[in-house]
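Enquirer: What follows is a predicted protein model with its sequence.
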Amino acid sequence: MRSLCFFPSPAGTWVTFGGQITDEVAEQLMTIAYESGVNLFDTAEVYAGGRWVLGEPQSLNEAERSSLVITTKLYWGGNGYYLKCAFSAEIVRAMTYVINQGMAMYWGTSRWTAMEIMEAYSVARQFNLIPPVCEQAEYHLFQREKVEVQLPELYHKIGVGAMTWSPLACGIITGKYENGIPESSRASMKSYQWLKEKIVSEDGRKQQAKLKELNHIAEKLGCTLPQLAVAWCLRNEGVSSVLLGTSNPEQLTENLGAIQVLPKMTSHIVSDIDHILGNRPYSKKDYRS
């Protein structure tokens, strides 16, 4: 069953506070998100270079606090990859133990292949353990194959849902790199040299040209390019939640405005976007709305 991640759906938007922000700003961001209908907040030890702050919405009573859903991740220390099962029953057993001990309600995967997810599911069924319920996967205008082809097949076979991240492709889809790399941007940082190289590459320049065309669609719909990009992710019926990364109130408020754009994402508009992108992946069955 499809559940949209923005209000007023029963699911909720995933929000991560990804910059080096203060407790005060974190609380402000979480309050804005919660008051806008967000109820699911994602955390991880690797966010913000190892320091993430999760504030609490102001003036919440006990019942309201109990409505929050907090997620986190296990990280394989220092090797740069999220913990994967690697076809081992140990991870499934470990997560089953965590849930049975009351430390979590569900578990899912992040950046796992379809084969790895199926392996975990098979192990769980074989040994009467608890299988993963979702996969957290990258999904945006320029990254479509996994979410639009592989995960829908898994959903229909075993019920694994898609929680997607990076709807703005690390800021590329905001359009701020149209005229180069701004000094204050993420791509200007030494640790993001890979992003800079991606932007200035031939493929990166082609993406910027496509974004100019997409901006015309955004203007026609009366929204910003980021709002169009987030709404485009939301309109996919296989997507349960969209994970937003933000470090300031203005950015969060703008991205949350994508819910107002969602009703405007008609089949005609989606077709126009596909025509501009030219990257719609082939699938034997079209699971998209």
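Expert: Done, it's in. Residues are numbered from 1 along each chain as shown.
Enquirer: so who does the residue positioned nearest the centre of the chain touch?
Expert: The residue lying closest to the centre of the chain (Cα atoms, centre = their mean) is W165, at 1.8 Å. Going by Cβ atoms under 8 Å, 6 or more residues apart in numbering, W165 touches 14, 136-139, 242-243, 245. Glycine gets a C-beta too; all of them are placed from N, C-alpha and C.
Enquirer: How about S166: what's its closest non-neighbour residue?
Expert: E138 (5.1 Å; Cβ to Cβ, 6 or more residues apart in numbering).
Enquirer: quick one, longest helix in this structure?
Expert: Longest among the helix segments of the chain by residue count, using DSSP state H, is helix 202-221.
Enquirer: Beyond it, next helix or strand please.
Expert: Going down the chain from helix 202-221, the next helix or strand is helix 225-234, by DSSP states H and E.
Enquirer: circling back: from E138, how far off is the residue nearest to the centre of the chain?
Expert: Applying Cβ to Cβ, to the nearest Å, the value for W165 to E138 is 6 Å.
Enquirer: what does A187 give?
Expert: In terms of Cβ to Cβ, A187 sits 17 Å off from E138.
Enquirer: out of the two, which sits in the more crowded spot?
Expert: Neighbours per residue, other Cβ atoms under 10 Å: of A187 and E138, the larger number sits with A187, 22 against 18.
Enquirer: For N255, see how far away that one is.
Expert: 19 Å.
Enquirer: hang on, the earlier thing: got a markdown table for the contacts of W165, with secondary structure and distance to L234 too?
Expert: Listed next are these as a markdown table, based on DSSP: H, G, I helix; E, B strand; the rest coil; distance: Cβ to Cβ, whole Å:
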| residue | secondary structure | distance to L234 |
| --- | --- | --- |
| W14 | strand | 12 |
| Q136 | strand | 16 |
| A137 | strand | 15 |
| E138 | strand | 15 |
| Y139 | coil | 10 |
| V242 | strand | 6 |
| L243 | strand | 12 |
| G245 | strand | 16 |
